[in-house]
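Visitor: How does the following fold in three dimensions:
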Amino acid sequence: NNGVVKLSPKVRSTPISTAIPTIPLDAIGSFMTENRIVSEEELKEAPYILTSSNQRLLAATGDKIYARGEAILEDKLGVYRKQNRFIDPVTKEYLGREARAIATGEVEAGDGEVISLRVLRSFEELRIGDQLLKTEDRVINTQFVPSAPEKDIRGQMIAVDGGVNNIGQYDVVVINRGTREGLEEGHVLAVYKKTGVVRDPKTREQIELPSEREGLLMVFRVYEKLSYGLILKATSPLNLLDEVRKP
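Guide: Numbers count the residues shown, from 1 in each chain. Okay, the predicted model is just below:
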């Protein structure tokens, strides 16, 4: 513990406030439909773009593209681009990879080695090397019922959309806990900030001060080891690695 003594006062349980702000679905829309967490195994096996029909490096809606890999004729596939690779800051366990949706397309032909795909809709220009994944067959939940998790969840915010330094209300964050820890969509967690370390004037020990509750987030999308959460309240600027707990 690097010689730092932690002091933990008794925690007073606080019920979830009924005055949770209305959840702005536009703040989480892209994370409901366009972003997902995947494993390295999924990416390793997924087809990837070789080129477009006009030999351009970039492609967009309406273009035909060619990818290497296997797919079923008339399959609808999403084109994804690899993003953050998430490692648990404490255990160093690999937790998953974020993939951002670039486009959707339909398989027109394939011989088991090369697929031709018509781009139906693109959010930005496709690039060589972007990967094809089956679109997720999931119901988009727009009616969240905020509740506290049954289990004693303790985790951390390990990433924030946009990479901002100070995290505030309606920012989307990634936390290093998921279904295996008992998290579900709609679960509300309190966010605690560290307040610092001081030296005990008598013993000269380094004393870590108790964390203070400074925010509230709601989990809106859950994977096995990771979850996306929306900051509902922040009484001061929050930061990466701030702790999240059952409120």
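Visitor: Show me the shaky parts of this protein.
Guide: In the predicted model, the chain carries pLDDT under 70 at residues 1-3, 5-22, 57, 136-143.
Visitor: top helix in it by residue count?
Guide: Longest helix in the chain by number of residues (criterion: DSSP state H): helix 25-33.
Visitor: list the helices and strands it packs on?
Guide: In terms of contacts (3 or more C-beta pairs under 8 Å, 6 or more residues apart in numbering; DSSP states H and E), helix 25-33 is packed against strand 172-175, strand 212-222, strand 227-234. All C-beta atoms are positioned from the backbone trio N, CA, C, and that covers glycine.
Visitor: buried ones in that helix?
Guide: Using 16 or more other C-beta atoms under 10 Å as the test for burial, helix 25-33 gives Ala27, Ile28, Phe31, Met32.
Visitor: returning to that earlier point: do you know which of the helices and strands packed on helix 25-33 lies nearest Ala46?
Guide: Ranking the helices and strands packed on helix 25-33 by proximity to Ala46 (C-beta to C-beta) places strand 212-222 first, at 20.5 Å.
Visitor: That closest one versus strand 227-234: what angle between them?
Guide: With axes from the mean of the first three to the mean of the last three C-alpha atoms, to 10 degrees defining the directions, strand 212-222 sits at 140 degrees from strand 227-234.
Visitor: Report all helices and strands that strand 212-222 contacts.
Guide: Applying 3+ C-beta pairs under 8 Å, 6+ apart, we find strand 212-222 packed against helix 25-33, strand 172-175, strand 188-193, strand 227-234.
Visitor: Report the distance from the longest strand along the chain to the chain centre.
Guide: Taking DSSP state E as the criterion, the chain has its longest strand at strand 94-110. Its chain's average C-alpha position is 16 Å from that of strand 94-110, according to C-alpha atoms, centre = their mean, to the nearest Å.
Visitor: who are the neighbours of it, in terms of helices and strands?
Guide: By 3+ C-beta pairs under 8 Å, 6+ apart, strand 94-110 packs against strand 35-38, helix 40-45, strand 76-87, strand 114-122, strand 126-127, strand 131-134.
Visitor: Redo the buried residues of helix 25-33 as a markdown table? Include distance to Tyr223.
Guide: Formatted as a markdown table, those follow (distance: C-beta to C-beta, whole Å):
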| residue | distance to Tyr223 |
| --- | --- |
| Ala27 | 19 |
| Ile28 | 15 |
| Phe31 | 12 |
| Met32 | 13 |
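Visitor: Looking at those residues, which is nearest Ile175?
Guide: The nearest member of the buried residues of helix 25-33 to Ile175, counting by C-beta to C-beta, is Phe31 at 12.9 Å.
Visitor: For the closest residue to that closest one other than its chain neighbours, the count of nearby residues, please.
Guide: Excluding the flanking residues, the one nearest Phe31 by C-beta to C-beta, 6 or more residues apart in numbering is Tyr228, at 5.1 Å. Burial measure for Tyr228: 25 neighbouring residues, criterion other C-beta atoms under 10 Å.
Visitor: Can you tell me how far the residue lying farthest from the centre of the chain is from Ala59?
Guide: Here the chain reaches farthest from its C-alpha mean at Lys202, the gap being 44.7 Å by C-alpha atoms, centre = their mean. Here Lys202 is placed at a distance of 69 Å from Ala59 (C-beta to C-beta, to the nearest Å).
Visitor: ok, now which ones touch the residue farthest from the centre of the chain?
Guide: Applying C-beta atoms under 8 Å, 6 or more residues apart in numbering, we find Lys202 in contact with no residue.
Visitor: my read is it is in a strand, agree?
Guide: No - Lys202 sits outside any strand when classified using DSSP: H, G, I helix; E, B strand; the rest coil, being coil.
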